[in-house]
Structures are given as C-alpha cells and as structure tokens.
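> Fold the following.
(chains A and B)
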2 protein chains.
Amino acid sequence: MVLIPEVSKLSRSAFRRLGMTPPKTPDAPPARLSLISRHLAPVYPINTPYAVERLPSTVDTSLLPRIQVREITTTTPKMSQPAHPTLLIPGPIEFDDAVLQSMSHFSESHVSAGFVATFGETLSMLRKLFQTTDPASQPFVLSGSGTLGWDLVAANLIEAGEDVLVLGTGYFSDGFADCLRVYGANVTELKAPVGTKPTLSEIEKALSEKKYKAITVTHVDTSTGVLSELKNLSALVHKVSPDTLIIVDGVCSVACEEIDFDTWGLDGVVTASQKAIGCPAGLSISMFSGRAMKAFENRKSPPSAYFASMKNWTPIMQNYEAKKPSYFATPSPQLVHALHTALSQILAKPVAERFAGHKAASDKIKAAIGALGLKQVAANPDEQAHGMTAIYLPEGVKGAELLPILAKKGVVFAGGIHKEIVTKYIRFGHMGVSVLDPTRGDIERAVKALEEGLAELGYTKS
Amino acid sequence: MVLIPEVSKLSRSAFRRLGMTPPKTPDAPPARLSLISRHLAPVYPINTPYAVERLPSTVDTSLLPRIQVREITTTTPKMSQPAHPTLLIPGPIEFDDAVLQSMSHFSESHVSAGFVATFGETLSMLRKLFQTTDPASQPFVLSGSGTLGWDLVAANLIEAGEDVLVLGTGYFSDGFADCLRVYGANVTELKAPVGTKPTLSEIEKALSEKKYKAITVTHVDTSTGVLSELKNLSALVHKVSPDTLIIVDGVCSVACEEIDFDTWGLDGVVTASQKAIGCPAGLSISMFSGRAMKAFENRKSPPSAYFASMKNWTPIMQNYEAKKPSYFATPSPQLVHALHTALSQILAKPVAERFAGHKAASDKIKAAIGALGLKQVAANPDEQAHGMTAIYLPEGVKGAELLPILAKKGVVFAGGIHKEIVTKYIRFGHMGVSVLDPTRGDIERAVKALEEGLAELGYTKS
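Below you'll find the model as predicted:
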C-alpha cells in the first residue's frame, strides 16, 4: 500500500492500533485535498515514486505515434448493440451505448494522470448520487461483486463478538447475516414474513433489548421486491439507540430509490454497479459516514480481511479523489470509465427526477400487473420497490414454462430465489434506460409479452 | 448460494465441517460433468429454479425484436483504439482489439445459457493455459483485483496458527505475507537480497526446521523482475516436505512464463487478468490442485472470509463449467467475455510457442538494455523475468524526469516500487500483443525512446 500521509484522515494512534506505521508528517493539514484540488491547475506534481508513469497533461496527443488506429473515435460514441433479448431481470440491466463503449477504453496505467482524474471524479460524483456533502463521508469503488460490500462492513466496522441487528426481508438479508457471522459478529435476525418487512415497533423493541454496534437493512430485497423505508427507520435508530451504525444494503436501490445519506443520518450504503446505476457488473460501490470511518479507526483489532480492508483502501480512495495516484491493488480502468460515464449521465439531471421516473414506471407496471389479475410478493403498496416487481404466478402456471416463452418474445425475466416461495413467482426488473428512455418501449413490450405468454399457457384472468 | 449437489466434489463430512448442508444425493457420480457436457447436445435442461431466465438455444434470434440496433457487429470485430501512448508497464498491458470489443458485449443475464456456456468454456480453457488435465484441479474466476487471490489462499487453505513459509523476493511477496497474517497464519519470511531469490539450499534448510502447511513463491516479483524457478523448487518441496502445499503468485507470470501445473505438482497458482493474459483488469484468476481442495475440505474451522470463500464459490465454478447456471454473487459478464476472447487467442497456438515468444522478445530487450550500458535489478540472467525488465537508472538520471520524457515519445514505463531502491530504477513491461504482434513495433519504439530519453538527460554510455 502506498500511503500519502497528507490526505489520510486516520489519527496517529489509529494507525498504530491498526498495525500501520503512522505518517511522518502528523501535523499536515487534514483538509480534504479532493475538494481543494478541483480549484488547482490540472498539472499534477510528480509526488509519489510509484506514480511517475503518467502522461503529463501538457502532451499534445496529436504528436503521439498512432497505435493500431483504424478509426478515431469521436466524442459522440458510435456504438452498436447487436440484436438481443431485452434484459429485464433485477440486475444486470440493459446498458446505455455510451456506457458500453466506455468498457472498451484503450489500456491506461492505473496511476496515469488521465485515469486518476477519471477515478477521482467518479468518487466525487458518488457523493452527489448518495446526496452527501459531508466531507467526512468516504466513498469506495473496488473491483468485486456487490457482495464484497458485505465483507467491507463485516470485516471493518464490526469486531468479533459485537452485536449486529439484521432486519430480515429475504434471501439477501440472510446473506448479509451469513457474511457478518463469518467475521465473528453476533447476529440477531429480526425476520418478517415473506413479502413484508419488520415494523418500526418490532425494531424499537429489539433495539431496546440489546446494545447493537450496527443495524443492517436491505433497502430493496431483490428476492421479494420488498422496499424498506429508511427515513423513519433512521430517525428511530438515532432516537432509541444513537450509537448504533445504520448500514443499508442498497444493491437494488441506489440510483432508483431515494437515498438522502446526510439528512437521514445513514452510516453506510453498499451497492453494485450493474443495477440502477447502469454500469456492467464488476464493481463494489459504497459510501460510509464520518461516524462509520471513526468506528473503523477506533477498532481494537486490525480489520479481519485483506482485499476488503478499509485500512488498505481508505488512503487509496482519498488519494484518487485528491487526483493523486497511489496503489494498493490494481483497479479496473475500463469498469471505472464505464461507471464514470454512467454517473455523468445520471447526474446530468437532478437525482429527484430519476427517482420520480422510476416510481412513475413502477406504478404503471404494477397497475398493469394488477389488471392482469396477478398478485405481488410485496402485497402492501408502501412496501413495493420501484426498480423491480416480484410477481406470484397464477395457479397452474410454472415459471420454468413461462420464462422461456417470454425469452422467445425477446424479454428476459428472472425466476424466484427466495427459498420459501422459489417456484411460485418470477421477478421483473425495471431500472435504468429501460424505464427512463421511452423510445425503447421495453416496458410496454415486456407487459405485452407477459400477457401473451400467460395466455399461451392457458391463463385467463378470473 | 445455489448448490447443485451432483457436481460438488466436497465429501458429506466436509460439507458439515464447513457448516454447509450436505447435498441430498450423496451417491451421485462425482464425475466431472464439465468434461462430459462437451459431448452432450447443447440444449441445457432447466434444472434450477434460479436459472430459468435464459434463452433456449433453439431460439431463432433473427425473430427477436431489434433493440437499439444501429449496426450489427460481425464475427470479425470492428474496433478502433484511438491514438494513445503505448502502455509498457508490468500490467495492465496493451489489449488486442477483439478483447476490448468483448468488453462492450451487450447485457446478458449471468445465468443465461449463452453466458453460462461462455463462463464454462473460460474455466475449461484455463485448465489448458495452466497445463493441468487432472480433473480434480479447480479453476476460479472471481470479480476482483489480483490481490484477491492472496485472500483466497489465506482464508481457505490456511487456518489460524498454521505455519507458512513465504519466499521473499520483494514488494509482492511482502504483500502476500501481510495478507496471510491478516487471516491468522504464522508466517516465516525467507528473504533474499534485492534482485535475487532465496536459494534451494536455504529453502531446504527452512523446510527442515519446521513443518509448513504451505510455501508461497512469487513466480515473477513485479517489483524487481526477479523470476523464481518453479520446477526444481517443487521437486525439492515434494522431496523434503511432501505435505506442504506449493502456492505460486503468478500475477506477472501466467501466460508469459512456463507453468506446468500437473507435472511440477503445484497446488495453487493465483493471477490476474490484466497482465500476460491480456484481458482488462477486474478478474482474480486461479487454479488449485485436488490436494489443495482436499486441504480446504479438511479445514477444522470455516473459511475466514465470505466473498473470498471457496465454500461459496467452488460449487458455482463447478456448475458453470458443467454448463449449469448457479448463483452466489453476480459475476461480470463483460469481463468474462473478454477473458474468453483472450484465452481463445492464447490457446489458438501451443502455449510453449507463447512462452518462447516472450523469451525471445525479452532476450532482445535485455541485450538492448545491456548495450545501452544499463544494469538490471535482477543481475543474474537465470533470475530474469521474460515479461518485464527492471532497469537501474544511470547515475544522475531521475525516473521522475525520464518517465515523462518517454511518455511524450508515446511510451509509458513504470516507476520503481521496491522500497529499498524505489527511486533508483524503472520498470519496462513486455507482455502480450506488444511482443507477440511484430507489426506493432512497440518494443523497438520503446528501446529507441529509452535511448533518446537518456541522451536528452545527458547520459552517455561510459
């Protein structure tokens, strides 16, 4: 790990406690260089020995030798997606042309000025998506599946033997609980019946019985389409158990459900690239509050993972955001470019518009499903996600028969995954370009395919 | 985790020991379905409830609705890489057009028949690259940086308190040792002076003093360009400490240095996508022997990581290779497609030719560097890697001055990273298309740029 002390927010004692060598300049200003650096000239000083392999921004690229150039790409990406069935599962989703184009970016050094700027801007853009302006908030973008976010929480914020309250909404909250246990947490699961979420009074009761280091909530449980409300939940936790960290699994909610990180006082949101953010899979994306980072610094034991260690990654993320190259493990420049493109598209409009767009599409879909006489796994409208719908199959219709019929009609839905009802329902994902670009017609085609497919299997609305 | 018992190689007792529910059909044949499946008809039965969202292979895609189709890609990819400096660092490397094109693959379900076939073939191709035909060998491809491979070893093959001998060759063996310690291993480092590797007699002595669960060797330490010899090392370990697992960090060696997994009796090789394999960063790639997998099964404690857990991933890898969809965490279809393309290109010729091609290019580069009067960090020709060269700077020449000059000439080299000599040397990566495609002229241009750059800084051969 290459540590640039100036931008670290860890105290000297925290460094020692975590088994790290404290920086040699402890009195350097802890100011967020990332914020300052935006106002500096874009010529980056060569400040680490590891980082000198970068192209100065003063280089005229027109003078560079042409390497395997058959056609110069223009700023408007020319992209072609061959014919393929529309992917309407709850992630991965359909991707925008420009995002896919970014995946093919030519090879760059992970510490080049160009890539460092791209990665730094990406981290800063995440602050806007999560609606946090608190400079103590810390974003992370790591190569990995969304699941890696659970390790990040379990191995860094929780120590062996500490109590965590997991709100149980299905397959994915079960997974989070499993992960926490692997790293030694003492997990209490407050489980709700399938298709619902724990009530605030149940949560208040649980919080009053034990002092929890953290509470975890799966914002949208992808196995059921149940949406957990965060605003009142957070207010409750802050009131009755103010020291408890509030951790959100936002894998199926970030960029399609409102998340007001600062206002609601959240401490951690972990997500993945391939759902509503609309970037191919392969990135674990997360945001932690200053309070969560302080909890990490105050650990008595070192983090219990290596690749998923905040000790290893925090200085790297801070350096990238300050536009300074540094290295712990090689990031994926192509995936980060794609994420940069996706976030640039998302932030071109107010995020509130994006959430409203997903809600409007979801309302239409749920109305259409109701009109077909179908029931949702999440029965209560207040508990229904806006980026996906879990639909109970009519009596006599098998998912294993219906889904291939839909696929032949060019629409890919997902099967069930919640163990208690696995064969009884299907899942329809509606996030990103499929709902926000009306010219595609994805949703209308999907609803029509569902109606026709059910009819082909003999279903008629009773 | 979705477990398909038929293809699991874990024993029933191992399942229980690892805290897993044993499969319901313990007497199912343990044969490698992946090998058999190649001879079966390409229509995949719908055999998991999670996996039905796939397009039957009988679908005529010409009948599918066209989605955002502006141009149909052909089997010969049409790709354009804009002008950019040639990346000649020890990874990421320059990528082939077709590989980059695969990164933009349209969105697919991670459990669709098409993607499952691609992932399954990718895993099978890795067996050929690593030269293992033993069906007990187990490949893994996970979203993550190459560093994640260290976690895979440390959290699954080693238990807390077990002894591991780490052969110390530089920055990267130090990192592997750190990772092992995080998961509780009792690490002994046998360190060699900078630019060399531990000798066989030193290793024999170390092995005779303690019984080690595993020995780790960094095949090419990217910080020094030192190549560790594996054949005689493995023979020694098998002779004097036959129970010790032989684990190779092959991040900077797989696909450019010979690795004869079965013949040499290796137990684990971990690598990454972005070096000699020639696929963008974002994948941890590894191969473990049947003996290593048995050591995993025989653990007394559960694996000490979650995302990096073989318990979670082994059945998934086995299912994909058997062309059966299953799910633990979402893989990256785009990166796996790119890896599939890269491996298809590599395996189109005998791997021995590929290793010989890298050696021939390396010999030329090292001769040219010698002719410039420059010395390598790895002084002994037998200890010099074939995919990179670490070059000491002449007296008075600073890397921070030389590297930007090279960048202006369109060639990107890397700075130093080994803490003892960090400002005294630079690194020149020569892997993949840059050395195997002679029409590019990358190497000649790089050597010329180095010569000119040194001259501009006042260097003359003494």
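
> CA atoms for contacts and neighbours, from now on please.
Noted.

> how about the strands of the stretch 351-462 of chain A, start to end?
Using DSSP state E, counting those that start in this stretch, the strands found in the stretch 351-462 of chain A span residues A:388-392, A:411-412, A:414-415, A:425-429.

> dump the residue contacts of A:Thr132.
Residues in contact with A:Thr132 (Cα atoms under 8 Å, 6 or more residues apart in numbering or on different chains) are A:Asp260, A:Phe261, A:Asp262.

> Can you report how many residues neighbour the last one?
A:Asp262 has 15 neighbouring residues, counting by other Cα atoms under 10 Å in any protein chain shown.

> tell me which element it is part of?
Element membership for A:Asp262 (DSSP states H and E) is helix A:261-264.

> Does the residue nearest the centre of chain A belong to a helix, a strand or coil?
In chain A, the residue lying closest to the centroid (Cα atoms, centre = their mean) is A:Thr271, at 2.0 Å. Classification of A:Thr271 using DSSP: H, G, I helix; E, B strand; the rest coil returns strand.

> that older thread, in JSON lines: the contacts of A:Thr132, plus pLDDT.
Below are those laid out as JSON lines (pLDDT from 0 to 100):
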{"residue": "A:Asp260", "pLDDT": "98"}
{"residue": "A:Phe261", "pLDDT": "98"}
{"residue": "A:Asp262", "pLDDT": "98"}
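
> Give me the helices and strands touching the helix holding A:Asp262, please.
In terms of contacts (3 or more Cα pairs under 8 Å, 6 or more residues apart in numbering or on different chains; DSSP states H and E), helix A:261-264 is packed against helix A:231-240.

> what about the helix or strand just after the helix it packs on, average pLDDT?
Next helix or strand after helix A:231-240 toward the C-terminus (DSSP H and E): strand A:245-249. The average pLDDT for strand A:245-249 rounds to 99.

> partner strands of strand A:245-249, parallel or antiparallel?
strand A:214-218 (parallel), strand A:268-272 (parallel) (DSSP bridges).

> could you dump the following helix or strand past the last one to PDB, C-alpha only?
Toward the C-terminus, strand A:268-272 is succeeded by strand A:283-288 as the next helix or strand (DSSP H and E). C-alpha atoms of strand A:283-288 as PDB (Å, rounded to 0.1, in the frame of the first residue of the first chain):
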ATOM      1  CA  LEU A 283     -17.600  -3.100  -9.100                       C
ATOM      2  CA  SER A 284     -18.500  -2.900  -5.400                       C
ATOM      3  CA  ILE A 285     -19.600   0.700  -4.700                       C
ATOM      4  CA  SER A 286     -20.100   2.100  -1.200                       C
ATOM      5  CA  MET A 287     -20.400   5.200   0.900                       C
ATOM      6  CA  PHE A 288     -19.600   5.400   4.600                       C
END
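
> Return the list of strands paired to strand A:283-288, each annotated with direction.
Partners of strand A:283-288 in its sheet, by DSSP bridges: strand A:138-143 (antiparallel), strand A:268-272 (antiparallel).

> Using PDB, write out every CA atom in the longest one.
Extracted in PDB, the C-alpha atoms of strand A:138-143 (Å, rounded to 0.1, in the frame of the first residue of the first chain):
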ATOM      1  CA  GLN A 138     -15.900   8.200   2.400                       C
ATOM      2  CA  PRO A 139     -16.800   6.600  -1.000                       C
ATOM      3  CA  PHE A 140     -15.200   3.300  -2.100                       C
ATOM      4  CA  VAL A 141     -15.100   1.700  -5.500                       C
ATOM      5  CA  LEU A 142     -13.500  -1.700  -5.500                       C
ATOM      6  CA  SER A 143     -13.200  -4.500  -8.100                       C
END
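
> picking up where we left off before, of the strands paired with strand A:245-249, which approaches B:Pro135 most closely?
strand A:268-272 (33.9 Å; Cα to Cα).

> and that closest one, how far from the chain's centre?
5 Å (Cα atoms, centre = their mean, to the nearest Å).

> mind listing what's buried in that strand?
Of all the residues in strand A:268-272, those buried under the rule 16 or more other Cα atoms under 10 Å in any protein chain shown are A:Gly268, A:Val269, A:Val270, A:Thr271, A:Ala272.

> about what we covered before: for the residue nearest to the centre of chain A, give its distance to A:Ser145.
9 Å (Cα to Cα, to the nearest Å).

> list residues touching both of the two?
By Cα under 8 Å, 6+ apart, A:Thr271 and A:Ser145 have these common neighbours: A:Ser284.

> Smallest gap between the stretch 151-300 of chain A and chain B, at which residue?
A:Ala281 (4.6 Å; Cα to the nearest Cα).

> Can you read off the pLDDT for that residue?
98.

> how many neighbours does it have?
27.

> all strands for the stretch 51-200 of chain A, in order.
Here the stretch 51-200 of chain A has its strands, by DSSP E, counting those that start in this stretch, at A:86-87, A:138-143, A:163-168, A:186-191.

> The last one vs strand A:163-168, what angle?
What it means is strand A:186-191. 20 degrees (axes from the mean of the first three to the mean of the last three Cα atoms, to 10 degrees).

> Show me what whichever helix or strand comes after strand A:186-191 is packed up against.
Counting by DSSP H and E, the element after strand A:186-191 in chain order, helix or strand, is helix A:200-209. In terms of contacts (3+ Cα pairs under 8 Å, 6+ apart), helix A:200-209 is packed against helix A:231-240.

> In CSV, could you pull the C-alpha coordinates for the helix it packs on?
What follows is helix A:231-240, C-alpha atoms only, in CSV (Å, rounded to 0.1, in the frame of the first residue of the first chain):
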residue,chain,number,x,y,z
LYS,A,231,-36.2,7.8,6.7
ASN,A,232,-38.4,6.9,9.7
LEU,A,233,-36.2,3.9,10.4
SER,A,234,-33.1,6.0,10.7
ALA,A,235,-34.9,8.5,12.9
LEU,A,236,-36.0,5.7,15.2
VAL,A,237,-32.5,4.3,15.5
HIS,A,238,-31.0,7.7,16.1
LYS,A,239,-33.6,8.3,18.9
VAL,A,240,-33.5,4.9,20.7
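
> centre of the chain versus it, how much separation?
Centre to centre, stretch against its chain (Cα atoms, centre = their mean), the figure for helix A:231-240 is 22 Å.

> for the record, mean pLDDT for that helix?
Averaging pLDDT along helix A:231-240 yields 98.

> From chain B, how far off is A:Val435?
14 Å (Cα to the nearest Cα, to the nearest Å).

> burial of that residue, as a residue count?
Residues near A:Val435, counting by other Cα under 10 Å: 23.
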